[in-house]
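Asks: this one's sequence-less:
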DNA sequence: GTCTATATTCCGATAGAC
DNA sequence: GTCTATCGGAATATAGAC
């Protein structure tokens, strides 16, 4: 139990993660978090002394999550198209949560982020792009999917479709995201 | 001259536009603007009583800009691929300005925007998507470009590639955006 | 160890000077 | 008409109570 993190800290992390994806780093305050937990805003500072500390933990948390997802996909029996669908489903779910993806959120706020966090954001982004590229490359080698670009470029195309797709959905509706999802899956089937 | 807008107001609008695209609606203050003009922050309030007024004018300004661009493209002799390239070039330029596209910026901050502005954002977005879709549809009818999706869907795919492409470039570098640009133009040539 | 009372700074906005 | 001095409130953060 020595490594156990308190429930309060876990809840702060979870609420912070949701707020980051819903309104962005500059638009939420410690008060927004403390009110949800019925504590004073300063209590949040005990667990995370500065907002930068909280943000850093959120990003680290996503790095861990994506490492697990990468392992899960690598060890799964899913067909390549279904692996990409798993990925697309995660983005579709964001829309229902009134969220955008973590990378899009911090990218929009990038020039206002603490320097130390920017490095972590780069790591997270490279992790996700690399994961998608690997899935695509293997799928093509196995003859399951088709694309002519480099795997890294194709990963960029798909990732940007999804990331900006959830952003656009806030403005024009979820139907547009579904059109994007369907189209990019169809493209892989050639 | 009766309709003339003061230089100060014009400069406020211009600086506000730049700040909106660089750091987002919640991350800039009237002080950021007033300092650049060597006036007091309250002087900005004379020209734009509330921050919402400024944001609304910025979005309206973009609507006018894009209407002009749409007319310009419709009356031009450019080939379809070059019209899309004009569009992609605008996005590439944003990266050099440390900016992201206006639609991506307000989409990320959407749930913190004043209600009245959200409607304008919807109009702007539909305007841009419609413009791109029209260019694509005409280009396909003229046999200049090829794509199998509906024109609206293809516009979504291209727009999201570009919008999230400039966001990603902040994190992983401009080279990734150039890969995206090259790939999406190549796709149109089939 | 966990949280509250309090300080400090900066925000958007108003009232009033020139 | 244009801008400055100033207000009320909210933000992040510290010091100290329990």
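Replies: That came through, no problem. Nothing here was measured: the structure is a model prediction, and the numbers come from that model.

Asks: do the lengthiest helix in chain A and DNA strand D come into contact?
Replies: Scanning chain A for the longest helix, with DSSP state H as the assignment, gives helix A:115-141. No: judged by C-beta under 7 Å from any atom of the strand, helix A:115-141 makes no contact with DNA strand D; its nearest approach is 12.3 Å. Where you see a C-beta, it was placed from the backbone N, CA and C, and this is true even at glycine.

Asks: which SSE is immediately downstream of that helix?
Replies: Next along the chain after helix A:115-141, taking DSSP states H and E as the criterion, comes helix A:151-172.

Asks: for the longest helix of chain A, buried residues please.
Replies: When burial is assessed from 16 or more other C-beta atoms under 10 Å in any protein chain shown, helix A:115-141 yields the following buried residues: A:117-118, A:120-121, A:124-125, A:127-129, A:131-140.

Asks: please name every helix or strand in contact with that helix.
Replies: The contact analysis (3 or more C-beta pairs under 8 Å, 6 or more residues apart in numbering or on different chains; DSSP states H and E) places helix A:115-141 against helix A:51-74, helix A:80-96, helix A:102-108, helix A:151-172, helix B:151-172.

Asks: could those go into a markdown table alongside mean neighbour count, distance to residue B:189 and mean pLDDT?
Replies: Converted to a markdown table, the helices and strands packed on helix A:115-141 look like this (neighbours: other C-beta atoms under 10 Å in any protein chain shown; distance: least, C-beta to C-beta, whole Å; pLDDT from 0 to 100):
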| stretch | mean neighbour count | distance to residue B:189 | mean pLDDT |
| --- | --- | --- | --- |
| helix A:51-74 | 17 | 33 | 96 |
| helix A:80-96 | 17 | 25 | 96 |
| helix A:102-108 | 26 | 29 | 98 |
| helix A:151-172 | 24 | 16 | 98 |
| helix B:151-172 | 24 | 14 | 98 |
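
Asks: okay, these in a markdown table with distance to residue B:98 next?
Replies: Listed next are the helices and strands packed on helix A:115-141 as a markdown table, based on distance: least, C-beta to C-beta, whole Å:
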| stretch | distance to residue B:98 |
| --- | --- |
| helix A:51-74 | 20 |
| helix A:80-96 | 26 |
| helix A:102-108 | 12 |
| helix A:151-172 | 19 |
| helix B:151-172 | 8 |
